[in-house]
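Enquirer: Sequence first, predicted coordinates after that:
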Amino acid sequence: MRAVKWSLLLLMGSLVLMNCVRSGEEMADLILLNGSIWTANPAQPWAEAVAVDGDRILRVGRTAEIKRLAGKKTRVIDLAGSLALPGFIDSHTHFLEGGFSLSSIQLRDVTSREQFVERVEEEAGELKKGDWILHGNWDHEQFSPPELPRKEWIDGVSSQNPVCVCRYDEHIALANSLALSIGGITKDTESPPGGEIQKDPVTGEPTGILRDAAMDLVMRHIPPPSTAMDLEAAEAALRHARELGVTSLNDMADGSSFAASLAAYQELLRTNRLTARINLYVPIDQIDAVEKLGLRSPFGNDRLSIGGLKGFADGGLGASTAYFFEPFSDNPRNYGLLAPQMFPEGIMEQRILRADQAGLQVAIHAIGDRANSLILDIFGKIAAQNGKRDRRWRIEHAQHLRPADIARFGKLGVIASVQPFHAIDDGRWAEAKIGKERCRTTYAFKSLLDGGAVLALGSDWPVAPLDPLAGICAAVARQTTDGKNPDGWFPEQKIPLEEALKGFTVNGAYAGFSERIKGSLEAGKLADIVVLDKDLFKIAPDRIKDVQAMLTIVGGEVVFDRSAGESR
Ligand SMILES: [Zn+2]
C-alpha cells in the first residue's frame, strides 16, 4: 500500500515537472491578440487570439489565455478588433501566366477600337523589332458597339511585331498579319478540330480572330520565355498574391507552361522565396509520363505539390465554344465545341480511368451543360467500375448545368471548383448568348450547395482578378460588373458569406487533399493567416470587394504588412 502511494506521488511529481518543461517550450514565436477571428473550424468558429510556434498554430482562443504564451522573443501583434481569417486558398489559377500578364500590354479596360489600337501602338513602340505582343485580356463586350477586333485595326501600328493578344477568357486570340503569316495561316487554311480560324464572309481572308485550338497554330511559334523571365513572372505573381492575402493556390498550368512553372517554383522553394503554397496540376495528356513516374496525388510538401491531372472537355462561353445540349441562342447552328483532348472519342474516359487506377486526382474543365454532363457520366461509370475510394474528382468551372445534373455533384462526391467573379462578369451578356432559362442554372452555387456538393472557390487568374475578396463579393452579392443587377443576377443563387469563406479556405484545402494541415485556424495546422481592414461580417455584401488585406502570414512568417508598406 505504502509503495503504491509513493509511486503515485512520484508520478504526480514528474507530471508537474513535465508540465513546467512543456510550458517553457510553449512560448510562441508570434501572437495575434484582440482580434475577431473566424477560424473555419466548426468546433471553435470564433476566437480572439492565435499563438504561432514556428510554422504551426500553437493555440487558438481568448486574448487573456493566449497572452500567457508570450515570451521575451515573441512578436505580438494587436489586431485591435480586426477580422482575421485562415489565409485564402485559390483553387484555380494560371499562376505563371498571371505573373506574365502583370507586365504585358493591358487591354482589359479598353472600351473602343481607337483605344485598342493606341495601346498596341504604345506597346510596339517599347519593343524591339520581332518581339511578340501577347496576353492583353481584351473584352470586346465592352466596346460600343460590341464587336470582335480585326487584324486590320492593328496591322498599321504593329508591322514589326507579331501580335497574338487574347480575350480575357483565353478562348479567343487576335493575331495581326505578321503573326498569321508566322503561323502559316492563309485564306486556304482550314480550321483545326476544336478550333476556328475566322474568315471574312466577303473576301475569305482570315480576320485575325482565332478560337481555341486554332490559337495554337500561331502560339506554337512564340519563343518560350527564358528561365530568368519565368522566375521574374513567378515572383511578380507571388508578390501580387501576398498583397491579396492568398496563401495557397492551385495552379492549372496548361500545356507547355507546366514544366516552366514547376521549374520556377522549385527554384523559388530552394531559395526560400515561395511565399504561397502551390499545388500544381499536370495536363492530362501527359498521363503516360506521370504514370511511368509512379506519382500519386498529392505529391510534394506543404509548399509545393503536384495535385493530379487537369483536362479540358470544352471551350468557353464568351468564345461560343462551350459545349451545350441546345444551340447558342444567338447562333442556332452552334452547339459549341468539345476540346481537342476529347478526341479521339473515348480517350478522356480512358485517361480518367487510368488516372483513377493510378491513384491520381483529376480536375476537368467543363463549361457548357453537355460537357458537364459528359464528364459526370464518365465519373459515374468509373466510380461504379473501380469501386469506392476517396478520389475527390473536380470539375473546373461547372458553369452551366442542366438542372438534373446539379445533384450529381453531391451524389458522386465531385468537387465543383467554381470562380464566382465569372458570374458577375459573364452575367452582363450571358442571357443574350444562351437565353434566360439556361442562365437560371448558370453559376448555380446555391443549388450546388443544396445538392451536397463541395464548392471550392477560385479566381481563374489572369482570366479574372486574383483578389479573393472580389470573388467572395461576387458569390454573396452577384452584382454584375456593369451595375445593372443591384439585387444580384439570379439572386436565388447567392450564397451566405460563411459558405463563400469556406470556399476560399477549408474547401480549397479539401480540394487539394490538404485539409489536415491547412484551411482552418486550429492547433497543429500551418499558420497561414490573413488580417483584413474591414469586418466582412459587419458590412454590406456589395462592399466586400473594397476590403483589403492588411497582413498576410504564411507558415508563421509575415510576408505582407500593408501598414508598414512591406512585402517580402
Ligand atoms: Zn482556367
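Expert: It's in.

Enquirer: give me every residue that touches residue 554.
Expert: Neighbour list for residue 554: 87, 242, 247, 275, 276, 277, 528 [criterion: Cβ atoms under 8 Å, 6 or more residues apart in numbering]. For every residue, glycine as well, the C-beta is placed using N, CA and C.

Enquirer: Let's see which of those residues end up in helices.
Expert: The subset of the contacts of residue 554 located in helices under the criterion DSSP state H comprises residue 242.

Enquirer: any chance of the contacts of residue 554 in CSV, with neighbour count too?
Expert: Supplementary listing: the contacts of residue 554 in CSV, determined by neighbours: other Cβ atoms under 10 Å:
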residue, neighbour count
87, 30
242, 23
247, 28
275, 22
276, 29
277, 27
528, 33
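
Enquirer: Looking at the contacts of residue 554, which one is closest to residue 224?
Expert: Nearest to residue 224 among the contacts of residue 554 is residue 276, at 23.6 Å by Cβ to Cβ.

Enquirer: so the closest one touches residue 247, yeah?
Expert: Yes: using Cβ atoms under 8 Å, residue 276 is in contact with residue 247, at 5.8 Å.

Enquirer: tell me, what's touching these two both at once?
Expert: 241, 554.

Enquirer: sorry, back to before: ok, of the contacts of residue 554, which one's closest to residue 99?
Expert: Distance from residue 99 was checked for each of the contacts of residue 554 by Cβ to Cβ. The minimum falls on residue 276, at 11.7 Å.

Enquirer: nearest spatial neighbour of that closest one, skipping sequence neighbours?
Expert: The spatial neighbour of residue 276 that comes closest, neighbours along the chain excluded (Cβ to Cβ, 6 or more residues apart in numbering), is residue 241 at 4.7 Å.

Enquirer: And for residue 296?
Expert: Going by Cβ to Cβ, 6+ apart, residue 296 has residue 359 as its nearest residue, at 4.4 Å.

Enquirer: Could you tell me what pLDDT the model assigned to residue 194?
Expert: In the prediction, the pLDDT value recorded for residue 194 is 87.

Enquirer: could we number from 450 for the rest of this?
Expert: I'll keep to 450 as the first residue from here, and by that count the last item is residue 643.

Enquirer: isn't there a strand covering residue 784?
Expert: No: following the definition DSSP: H, G, I helix; E, B strand; the rest coil, residue 784 is coil and is not counted among the residues of a strand.

Enquirer: What are the neighbouring residues in contact with it?
Expert: Residue 784 makes contact with 772, 773, 774, 775, 776, 777, 819 under the criterion Cβ under 8 Å, 6+ apart.

Enquirer: ok, now residue 868?
Expert: Shown here is residue 868, whose contacts under the criterion Cβ under 8 Å, 6+ apart are 541, 846, 906, 907, 908, 909, 912, 913, 920.

Enquirer: Flag the least confident of the residues you listed.
Expert: The lowest pLDDT within the contacts of residue 868 belongs to residue 912, which sits at 89.

Enquirer: Does that one touch residue 616 like I think?
Expert: No: with the criterion set as Cβ under 8 Å, residue 912 and residue 616 do not qualify as a contacting pair; they are 9.4 Å apart.

Enquirer: what residues are shared contacts of those two?
Expert: Common neighbours of residue 912 and residue 616 are listed as residue 586 (criterion: Cβ under 8 Å, 6+ apart).

Enquirer: What is the burial count for residue 505?
Expert: Residue crowding around residue 505 was assessed by other Cβ atoms under 10 Å; the count is 15.

Enquirer: can you pull up the bridge partners for it?
Expert: Note on residue 505: beta-bridge partners residue 502, residue 975, judged by DSSP bridges.

Enquirer: And it, how far from residue 1004?
Expert: When Cβ to Cβ, to the nearest Å is applied, the distance between residue 505 and residue 1004 equals 8 Å.

Enquirer: Pull up the overlap in contacts between the two.
Expert: Taking Cβ under 8 Å, 6+ apart as the contact criterion, the residues that touch both residue 505 and residue 1004 are 975, 976.

Enquirer: re the thing from before, Serialize the contacts of residue 1003 to a markdown table and add fields for distance to residue 987.
Expert: Written out in a markdown table, the entries for the contacts of residue 1003 read as follows (distance: Cβ to Cβ, whole Å):
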| residue | distance to residue 987 |
| --- | --- |
| 536 | 21 |
| 691 | 25 |
| 696 | 23 |
| 724 | 29 |
| 725 | 28 |
| 726 | 29 |
| 977 | 23 |
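
Enquirer: Can you flag which of the contacts of residue 1003 belong to strands?
Expert: Cross-referencing the contacts of residue 1003 against strands under DSSP state E gives 696, 726.

Enquirer: what's the spacing between residue 868 and residue 857?
Expert: According to Cβ to Cβ, residue 868 stands 20 Å off from residue 857.

Enquirer: The stretch 650-799 of the chain: strands as residue ranges?
Expert: Taking DSSP state E, counting those that start in this stretch as the criterion, the stretch 650-799 of the chain contains strands spanning 655-661, 695-700, 726-732, 748-749, 753-761.

Enquirer: mind checking which of those strands is nearest residue 943?
Expert: When the strands of the stretch 650-799 of the chain are compared for distance to residue 943 using Cβ to Cβ, the nearest one is strand 695-700, at 23.2 Å.

Enquirer: List the pairing partners of the closest one within its sheet, with orientation.
Expert: The strands beside strand 695-700 in its sheet (DSSP bridges) come out as strand 537-542 (parallel), strand 726-732 (parallel).

Enquirer: Return the alpha-carbon coordinates of the longest one using PDB.
Expert: In other words, strand 726-732. As requested, the backbone C-alpha atoms of strand 726-732 are provided in PDB (Å, rounded to 0.1, in the frame of the first residue of the first chain):
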ATOM      1  CA  ARG A 726       1.800  27.200 -51.200                       C
ATOM      2  CA  ILE A 727       1.400  25.900 -54.700                       C
ATOM      3  CA  ASN A 728      -0.500  22.800 -55.800                       C
ATOM      4  CA  LEU A 729       0.200  22.200 -59.400                       C
ATOM      5  CA  TYR A 730      -1.900  20.100 -61.900                       C
ATOM      6  CA  VAL A 731      -0.300  18.300 -64.800                       C
ATOM      7  CA  PRO A 732      -2.000  18.400 -68.200                       C
END
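
Enquirer: tell me the angle of that strand relative to strand 753-761?
Expert: Here strand 726-732 runs at an angle of 40 degrees relative to strand 753-761 (axes from the mean of the first three to the mean of the last three Cα atoms, to 10 degrees).

Enquirer: Give me the residues contacting strand 726-732.
Expert: The contact list for strand 726-732 (Cβ under 8 Å, 6+ apart) reads 544, 696-704, 707, 710-711, 714, 739, 747, 749, 751-760, 812, 961, 963, 967, 975, 977, 1003.

Enquirer: again with stretch 766-774
Expert: With Cβ under 8 Å, 6+ apart as the criterion, stretch 766-774 contacts 590, 616-618, 620-621, 645, 660-661, 762-765, 777, 779-780, 783-787, 816-820, 822-823, 848-849, 851, 875, 879, 882-883, 887.

Enquirer: try it again with 6 Å
Expert: Stretch 766-774 is contacted from outside by 618, 620-621, 660-661, 763-765, 777, 783-787, 816-820, 875, using Cβ atoms under 6 Å, 6 or more residues apart in numbering.

Enquirer: what pLDDT, on average, does it get?
Expert: So the average pLDDT for stretch 766-774 ends up being 94.
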